[in-house]
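J.: Sequence first, then the predicted structure, then my questions.
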Amino acid sequence: MTAQTYVPLPMDRCTSELRREAARFADAARDLPLTEPVPTCPGWTLGDLVRHVRQGHEWATTILATRSTEFVLPGGGAGADDDGTSWTERVAGLGARESAADSRLLDPSSLARFVTEGAERLIEAIDGIGPEVPVWAPHGKQNKEFWPRWAMYETTVHRADVDLLAGRPFEPAADVALDCVDFCLVAFGVPEAGPFHSPLFAELPRGGETLSFRSAAGAPGRVSNWLVTCAPDGVRVVRDAPEGAPADVTVVASPADLLLVVKGRLRPEGPRVTVTGDRELLDFWLSHAVS
């Protein structure tokens, strides 16, 4: 992982954005059929996605409210599942479980409350615990610090899924989009985050291949470019690489579009994204690193 000091958005900004993003998600989803397929989440309907967002918030709330210092599977239970179900498989299954039949989703107003109430409970859990209290996190400090940023990131990305489905513009604040890009990319260089990556992540090349992700616009206090190296000993991520730093492939887009690209929501082609260099390497990265 990169050694540079990086200061994420403040916790209160993350929780404020979480509240806003949950409301935007609900607003975009409220008039769409729950059975509508979500193109950016293959195999999922809108109902699946709505449930997934709420269950993600509930998962984090449970960890924080119980002061858990151990990994808790979404949906309950500590450690590995008895049936061998992986964390990724469990999350996917939870979203699809009886989503369309859930009575809390049967009308637009109840659907909106379903989404926003989950976010509010998570914010209460975050605010209700001090930074000195030990709490499990996938990586980084083992306290509540991880969770506001994760929740903002997850909710923002899934708000993009609904906006794209509804044909609405995805326009997060530039500093939020860049912080989300950073949260996503830097995690690829953290060994502890390995279990939460795509199962195909292990198949990435390890010959020193490099990918540069650059924002076409910056924001005060935010990193705007990242250099990813697929090294023999693991993926390395460097923030704010020098302007002329060589890379096998370089991607340049606006902050919002760069987030969509690194999360596999926008194909890196067309006038909104500039790609130079080894396009096959980029395609392989996106198909194996993005989950």
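T.: Great, that's in hand. Residues are numbered from 1 along each chain as shown.

J.: Now do the strands in this protein.
T.: For the chain, applying DSSP state E gives strands covering 209-215, 225-231, 234-239, 249-253, 273-277.

J.: Export the last one to PDB, keeping only CA atoms.
T.: Which is strand 273-277. What follows is strand 273-277, C-alpha atoms only, in PDB (Å, rounded to 0.1, in the frame of the first residue of the first chain):
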ATOM      1  CA  VAL A 273     -13.100   8.700 -21.000                       C
ATOM      2  CA  THR A 274      -9.700   9.000 -22.500                       C
ATOM      3  CA  VAL A 275      -7.600   5.800 -22.600                       C
ATOM      4  CA  THR A 276      -4.000   5.700 -23.800                       C
ATOM      5  CA  GLY A 277      -1.700   2.600 -23.800                       C
END
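
J.: now for the strands of the chain, which one comes closest to Trp147?
T.: Minimum separation from Trp147 across the strands of the chain (CB to CB) falls at strand 234-239, 21.2 Å. Any C-beta I mention is one placed from the backbone N, CA and C, and that applies to glycine too.

J.: list the buried ones in that closest one?
T.: Val235, Arg236, Val237, Val238, Arg239 (16 or more other CB atoms under 10 Å).

J.: next one: stretch 244-259
T.: 247-259.

J.: Please state the offset of that stretch from the chain centre?
T.: When distances are taken as CA atoms, centre = their mean, to the nearest Å, stretch 244-259 is centred 18 Å away from the chain's centroid.

J.: so how far does it reach from one end to the other?
T.: 22 Å (CA to CA, to the nearest Å).

J.: looking only at pLDDT, what's the mean for that stretch?
T.: Throughout stretch 244-259, pLDDT has a mean value of 95.

J.: Need the residues that contact that stretch.
T.: 156-157, 160, 170-172, 174, 177-178, 180-181, 184, 209-217, 219, 224, 227, 260-261, 265-266, 268, 272-279, 281-282 (CB atoms under 8 Å, 6 or more residues apart in numbering).
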